[in-house]
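Trainee: Okay, sequence plus prediction incoming.
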Amino acid sequence: MFFKKLTYTTWGLLVLAITLMFVTLNNVKKENEYDWVQQFEQEGIKNTRFLEEQLENIARELTGIASLFQASKTVTRHGFRAYTSSLLEKNDFIKSFQWVPRVQRDQRPALESMAQKDGFINFKFTTRSKKSTIITASLKNEYFPIYYMEPHSGDESFLGFDISTQPVLLDLMNRARDSGEVVAASTVNLIHMDQKKIVAIFFSPFYEGEDIPETIEGRRNLFLGVVLGTYKIKKMIKNIINPYLAPGVFLTVLDEDRKNQLYGNLKENALIKKEMVLGFSQIRWFLVWQGNLEFQKGPNRLHNWLSAAVLVLIIFIAVIFQILSSRARRIENEVRLQTNELKKLKSELEEKNLSLHELIKVKNELLGMASHDLRNPLTSIQGYSGFLLKKGATLREETRTDFLKIINSASGNILELLNDLLSLSAIESGQLVLNLKPGNLRSLIEERIRLYTHLATEKNIHFKINCQETPVVLFDTPRIEQVLDNLLTNAIKFSPVGGVIEIIMESGKGYMRVTITDEGPGIKSENLDDLFKPFKKIDSDSTKDEKGTGLGLAIAKKMIELHNGTLTFKPSKNQGASFSFKLPTNPSSLQT
């Protein structure tokens with residue numbers, strides 16, 4: 001009724017007022033959005049500059065390492081490790097530091113020898129073949145090998161690698177040499193032979209004398225080498241920029257060709273997108289800054305005063321929406337709970353299924369190994385006993401005796417295997433109960449040594465015993481005898497003729513330690529994981545004719561662990577093997 005009473009002029013004024021209101025509102029909104037975009041762009045410029053500054057800091061840190069070599073005439077491997085360790089601990093995005101000296105042809109033997117004396121016995125100058133395998137570098141006038149590397153993580157294959165054989169690395173090194181400055185680039189991981197990962201590589205040159213030569217010719221003549229740093233790009237950018245990113249700002253980094261995504265992921269629903277170029281030395285990255293409404297809570301919302309005019313409508317819509325949303329959330333929560341429960345059940349089923357497969361695999365391996373170790377001696381017993389039954393009367397007494405010795409030895413091997421299997425089964429099933437009694441461990445060791453003196457005498461092996469006076473310890477004598485027997489017979493088995501077996505017994509705070517060391521060939525690194533596993537036989541060329549069950553060390557380790565002790569291995573200083581077991585001297589910590 002009210003609207004019917006309005007004149008045409010009034011309707012026109014109302015329409016004009018409403019139109020002007022929406023035009024003004026739209027202009028204010030655009031201006032606020034423009035200011036918001038400008039603030040976002042300034043944020044991107046600030047963060048890009050900060051990232052460049054951090055790359056410069058990384059370059060300065062590398063220059064500091066190079067200055068160490070330039071100031072000190074000689075820097076040892078220990079000195080290099082000591083200087084770089086703090087940087088490695090501070091920045092987990094550093095993959096490695098390398099010292100790459102300039103080596104003339106006549107200096108090569110001396111440097112290879114020095115590295116080998118440092119403990120890297122396989123060190124030599126190397127390069128990559130056409131098949132990407134590491135091979136010995138051929139003779140040439142000049143080399144640039146990786147001589148120091150931290151961390152090398154026990155992998156020495158990269159030490160000695162001549163980087164000048166790689167065109168990309170040679171070009172970057174020559175740029176650093178001629179400029180006298182740090183040169184950086186992002187490229188595939190040529191140092192660690194990983195063609196799939198892109199890393200940042202920094203080269204810092206150092207020269208003969210205290211100052212950098214002023215001319216290119218002088219730099220080339222006095223050039224001594226480079227300190228090379230390899231950095232994980234993704235983690236480096238994350239550690240540098242993430243703490244300073246404002247909420248609602250996202251960064252994606254692309255390489256110069258825009259083919260490789262070095263960091264982040266492009267957001268499909270971003271409201272703002274600004275591309276910037278980061279240039280540092282040979283590095284040229286495209287930075288894509290994206291933002292959403294979380295950045296400064298979006299554009300200025302002062303124009304929302306208009307919402308008061310439609311407040312009732314919004315409230316009505318909100319109530320309806322809230323009712324529908326609440327219902328939808330309840331359904332979603334129920335679905336989520338059911339889904340999580342199903343995922344949990346699926347995960348438990350998969351774990352049990354995996355455990356079952358592992359048990360079946362272990363059972364099959366154990367049956368296969370046990371049947372193999374039983375078949376050979378049984379075949380010998382059957383063959384020789386059958387021959388004796390058929391033609392024993394026609395054989396000489398000496399031959400019959402030899403056959404009976406073979407039968408006796410084979411039956412002994414079967415008995416040993418069965419005893420070991422029974423011991424292992426008793427331990428694994430928890431049925432083995434220790435009979436702990438106070439005893440003198442030193443006396444027990446001396447007794448077991450006397451027992452095997454005849455075996456050692458056959459190989460002219462001598463025992464070197466160093467046993468301190470120790471207190472009485474609680475232990476299960478037959479079980480510890482079994483451990484000592486295994487370690488002593490292994491030491492005799494693997495020791496060379498005329499070798500020495502050293503037995504050391506010492507006491508510490510709350511424990512007693514026994515160490516048995518031989519001078520044998522040692523244990524290869526690839527066999528260490530299988531050292532204490534059942535049926536894993538580790539032989540050498542000198543022991544390939546000797547038989548064993550492959551259960552001795554596994555049982556020995558479990559016996560010591562039942563005493564709440566530990567059995568460990570470490571390589572001997574003289575190439576051999578060294579096994580140590582520790583027993584607690586505190587009776588309350590022992591299992592009975």
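Mentor: Arrived safely, thanks for sending.

Trainee: hey, let's count contacts and neighbours off CA atoms from now on
Mentor: Will do.

Trainee: And the pLDDT at K274?
Mentor: pLDDT, K274: 92.

Trainee: residues near it, how many?
Mentor: Look at K274: counted by other CA atoms under 10 Å, it has 15 neighbours.

Trainee: does it sit in a helix or strand, and which one?
Mentor: K274 is part of strand 272-280 when elements are defined by DSSP states H and E.

Trainee: Parallel or antiparallel, which strands does that strand pair with?
Mentor: Partner strands and pairing direction for strand 272-280 (DSSP bridges) are strand 283-291 (antiparallel).

Trainee: residues in contact with the strand holding K274?
Mentor: Contact partners of strand 272-280, identified using CA atoms under 8 Å, 6 or more residues apart in numbering, comprise 37, 41, 44-45, 48, 52, 55, 184, 284-292.

Trainee: among those residues, which ones are buried?
Mentor: For those, a burial check counting by 16 or more other CA atoms under 10 Å picks out 37, 41, 44-45, 48, 55, 184, 284-292.

Trainee: got the buried residues for the strand holding K274?
Mentor: Quick answer for strand 272-280 (16+ other CA under 10 Å): I272, K273, E275, L278.

Trainee: Same question for stretch 201-214.
Mentor: I201, F202, F203, S204, P205, F206, Y207, E208, I212, P213.

Trainee: quick check, nearest of the buried residues of strand 272-280 to T127?
Mentor: L278 (33.4 Å; CA to CA).

Trainee: could you list every residue that touches L271?
Mentor: Taking CA under 8 Å, 6+ apart, one finds Q290, G291, N292, L293 in contact with L271.

Trainee: If you could redo that for Q468, that was the one I meant.
Mentor: For Q468, the contacting residues are M505, E506, S507, by CA under 8 Å, 6+ apart.

Trainee: switch the cut-off to 7 Å
Mentor: Residues near Q468 by CA atoms under 7 Å, 6 or more residues apart in numbering: M505, E506.

Trainee: Downstream of the strand or helix carrying R49, the next helix or strand is which one?
Mentor: Following DSSP H and E, one finds R49 within helix 8-71. As assigned by DSSP H and E, the chain's next helix or strand after helix 8-71 is helix 77-90.

Trainee: Which is the succeeding secondary structure element to that next one?
Mentor: Using DSSP H and E, the next helix or strand after helix 77-90 towards the C-terminus is strand 94-101.

Trainee: CA atoms only for that next one, dumped as CSV, please.
Mentor: Taking C-alpha atoms only, strand 94-101 is exported to CSV below (Å, rounded to 0.1, in the frame of the first residue of the first chain):
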residue,chain,number,x,y,z
ILE,A,94,73.4,-27.5,3.7
LYS,A,95,74.0,-30.8,1.9
SER,A,96,77.8,-30.7,2.0
PHE,A,97,81.0,-28.6,1.9
GLN,A,98,83.9,-29.6,-0.2
TRP,A,99,87.5,-28.4,-0.5
VAL,A,100,88.7,-28.7,-4.1
PRO,A,101,92.4,-27.9,-4.5
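
Trainee: State the next helix or strand along the chain beyond that strand.
Mentor: Note on strand 94-101: by DSSP H and E, the next helix or strand toward the C-terminus is strand 103-104.

Trainee: name the helices or strands packed onto that next one?
Mentor: Counting contacts by 3 or more CA pairs under 7 Å, 6 or more residues apart in numbering; DSSP states H and E, strand 103-104 packs against strand 142-143.

Trainee: which of the buried residues of stretch 201-214 lies closest to T252?
Mentor: I201 (20.0 Å).

Trainee: what residues does the helix or strand where that closest one lies touch?
Mentor: Assigned by DSSP H and E, I201 belongs to strand 194-207. Applying CA under 7 Å, 6+ apart, the contact partners of strand 194-207 are 62-63, 66, 70, 173, 176-177, 180-189, 222-233.

Trainee: So what are the sheet partners of that strand and their directions?
Mentor: strand 183-189 (antiparallel), strand 223-232 (antiparallel).

Trainee: Summarise which helices and strands whatever helix or strand comes next after the longest one is packed against.
Mentor: What that stands for is strand 223-232. Next along the chain after strand 223-232, taking DSSP H and E as the criterion, comes helix 233-241. Where contact means 3+ CA pairs under 7 Å, 6+ apart, helix 233-241 is packed against strand 261-263.

Trainee: Check which helices and strands the strand it packs on sits against.
Mentor: So strand 261-263, by 3+ CA pairs under 7 Å, 6+ apart, packs with helix 233-241, strand 249-254.

Trainee: can we see that at 6 Å?
Mentor: strand 249-254 (3 or more CA pairs under 6 Å, 6 or more residues apart in numbering; DSSP states H and E).

Trainee: thinking again about what came up before, quick check, nearest of the buried residues of strand 272-280 to Y143?
Mentor: Comparing those against Y143 with CA to CA places L278 closest, at 33.5 Å.

Trainee: I'd like to know how far that closest one sits from E52.
Mentor: Taking CA to CA, to the nearest Å as the measure, L278 falls 7 Å from E52.

Trainee: Overlap of the contact sets of the two?
Mentor: Here L278 and E52 have no joint contacts, going by CA atoms under 6 Å, 6 or more residues apart in numbering.

Trainee: tilt between the helix holding R49 and strand 223-232?
Mentor: 140 degrees (axes from the mean of the first three to the mean of the last three CA atoms, to 10 degrees).

Trainee: Check what pLDDT A309 gets.
Mentor: pLDDT, read off for A309, is 51.

Trainee: Also F535?
Mentor: At F535, the model reports a pLDDT of 64.

Trainee: go on, F581?
Mentor: What the model reports for F581 is a pLDDT of 91.

Trainee: So, low pLDDT: which residues of the stretch 251-400 of the chain?
Mentor: For the stretch 251-400 of the chain, the stretches with pLDDT under 70 are 300-326, 328-329, 355, 358-376, 380.

Trainee: change it to 50
Mentor: Counting by pLDDT under 50, the stretch 251-400 of the chain has low-confidence residues at 307-308, 310-312, 316, 318-319, 321-322.

Trainee: repeat for the stretch 451-592 of the chain
Mentor: Ranges of the stretch 451-592 of the chain meeting pLDDT under 50: 543, 545, 590-592.

Trainee: tell me the phi and psi of V500?
Mentor: When quoted as degrees, to the nearest 10, the phi and psi of V500 stand at phi -130, psi 130.

Trainee: Much appreciated, bye for now.
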